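Peer 1: Pasting the sequence and the predicted model now:
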Amino acid sequence: MPVSGGWTLTRASSYSTYVAVVARGVAQRGVIHSVFPAAANIIFPGDFVLSLNAITSPRMPNGLQLSTPPGTFPFPVLRAGMPVLFGAQRLLIEAVDCSLDLSCCSEWDPHIEKPDQLDMKIVAKNKEWLLKHMPTLDRQSAWLPVPQTGNQADYGSGVQYVRSMAQYLCGRGVGLTPTGDDILAGWMAVNWLLYGPLTWFLEACQQIVAVAKEQTHLLSQCWLSYAATGDVAMPIKVLLDALTKEDEVQLAASMEAVLSMGATSGRDLIQGIVLGLVGRPDQAIHNENLIHRDST
């Protein structure tokens, strides 16, 4: 598609509730960080990263969805370093003559809510279904948190244990978001489903975020920061919802949707979800010796 006038055939269709807040605010300047056939990442002051996505791409917690498919305008003409103006219900990339009105975008909510009634027997059954249908998943290599017992010493040990888990995983592996980062994101996501914003768990998430700032790159830091607040891509949220229901058709469809996320991210995210289910703190499992594995 030609650059000139190409934007007239492209529209912004939807965005997450978090992007909506920024989009309605005062216009701010950012720069394009990275570009792919179906997505672009744009950095703004305050470490806000906007994920600009094609219509078929997963809805991200910081995502703005366009009406166009992968490989079409504006993605082929975007370049890292291009200036962007975002806010006041408009996104402007002047270098490629792209101006998008955001005032008619629909919204989606990426936040994970713990169900009022959560049947752990159903969740456990669905975990076993995932393991059966994804036999390459490893249920034994869990880096498990210390159970919350109410004892302050145990609480402190548990937080340190999660930090050790993060230090072992963060930044390791293949993919745009490394394998270890996706596992951590999945672990946090399923624990948001199981526990919601309990104090011990929020502190554990902040330990992961702190490690991410030291061990992985900007995009993964952003990804993990959203997961730490219970905000995830929509396919993950749908999979978590399926885990709470006795509906194998829904579970299978949602699993496939997550597996389609990136070359390796989907499988790694599900690995993290399974590890989180294996290592539920209220099962009183304490496997701290696993953090001493050889990291080579």
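Peer 2: Yep, that arrived. Residues are numbered from 1 along each chain as shown.
Peer 1: can you pull out the strands in the protein?
Peer 2: Secondary structure of the chain, counting by DSSP state E: strands at 12-16, 28-36, 39-44, 48-53, 63-66, 83-87, 90-93, 98-101, 106-108.
Peer 1: Provide a list of residues in contact with the residue positioned nearest the centre of the chain.
Peer 2: The chain has Val232 as the residue nearest its centroid, 4.1 Å off, counting by CA atoms, centre = their mean. Listed by CB atoms under 8 Å, 6 or more residues apart in numbering, the contact set of Val232 reads Pro61, Pro110, Ile112, Ala185, Ala189, Tyr226, Leu240. In short, each C-beta sits where N, CA and C put it, glycine included.
Peer 1: now do 10 Å
Peer 2: Shown in contact with Val232 (CB atoms under 10 Å, 6 or more residues apart in numbering): 58-61, 110-112, 185-186, 188-189, 192, 223, 226, 238-240, 269.
Peer 1: Kindly state the pLDDT recorded for it?
Peer 2: You'll see Val232 listed with a pLDDT of 97.
Peer 1: and if you look at the one 5 residues further on?
Peer 2: Lys237 is assigned a predicted lDDT (pLDDT) of 97.
Peer 1: check contacts around it.
Peer 2: So Lys237 contacts 59, 61, 108-113, 189, 192-193, 230-231, 254 (CB under 10 Å, 6+ apart).
Peer 1: quick check, nearest of those to His217?
Peer 2: Pro61 (17.5 Å; CB to CB).
Peer 1: quick one, phi psi at the closest one?
Peer 2: Dihedral pair for Pro61: phi -60, psi -20, per degrees, to the nearest 10.
Peer 1: measure it to Trp108 for me?
Peer 2: 9 Å (CB to CB, to the nearest Å).
Peer 1: cool, and Met234?
Peer 2: Counting by CB to CB, the gap from Met234 to Trp108 is 6 Å.
Peer 1: quick one: common contacting residues for these two?
Peer 2: Listed as contacting both Met234 and Trp108 by CB under 10 Å, 6+ apart are Ser16, Arg59, Met60, Pro61, Gly63.
Peer 1: nearest residue to the third one other than its sequence neighbours?
Peer 2: I take that to be Met60. Ser51 (4.3 Å; CB to CB, 6 or more residues apart in numbering).
Peer 1: so what's the one you found bridging to?
Peer 2: Asn41, Gly63 (DSSP bridges).
Peer 1: what sits in contact with each of Pro61 and Trp108?
Peer 2: The overlap between the contact sets of Pro61 and Trp108 (CB under 10 Å, 6+ apart) consists of Ser16, Thr17, Val19, Met234, Lys237.
Peer 1: Nearest to Leu169, out of the strands of the chain?
Peer 2: Closest approach to Leu169 among the strands of the chain (CB to CB): strand 48-53, 21.2 Å.
Peer 1: What is the closest one packed up against?
Peer 2: Contacts defined by 3 or more CB pairs under 10 Å, 6 or more residues apart in numbering; DSSP states H and E place strand 48-53 against strand 12-16, helix 17-23, strand 28-36, strand 39-44, strand 63-66, strand 83-87, strand 90-93, helix 218-228.
Peer 1: Repeat the analysis, applying 6 Å as the threshold.
Peer 2: For strand 48-53, the elements it packs on are strand 39-44, strand 63-66, judged by 3 or more CB pairs under 6 Å, 6 or more residues apart in numbering; DSSP states H and E.
Peer 1: how many other residues sit next to the closest residue to Lys213 other than its chain neighbours?
Peer 2: In space, and not counting its chain neighbours, Lys213 is closest to Gln221: 5.9 Å by CB to CB, 6+ apart. Gln221 has 22 neighbours, counted by other CB atoms under 10 Å.
Peer 1: isn't Gln221 right next to Ala212, touching?
Peer 2: Yes - using CB atoms under 6 Å, Gln221 is in contact with Ala212, at 4.8 Å.
Peer 1: Quick one: buried ones out of the contacts of Val232?
Peer 2: In those, burial by neighbour count holds for 58-61, 110, 112, 185-186, 188-189, 192, 223, 226, 238-240, 269, counting by 16 or more other CB atoms under 10 Å.
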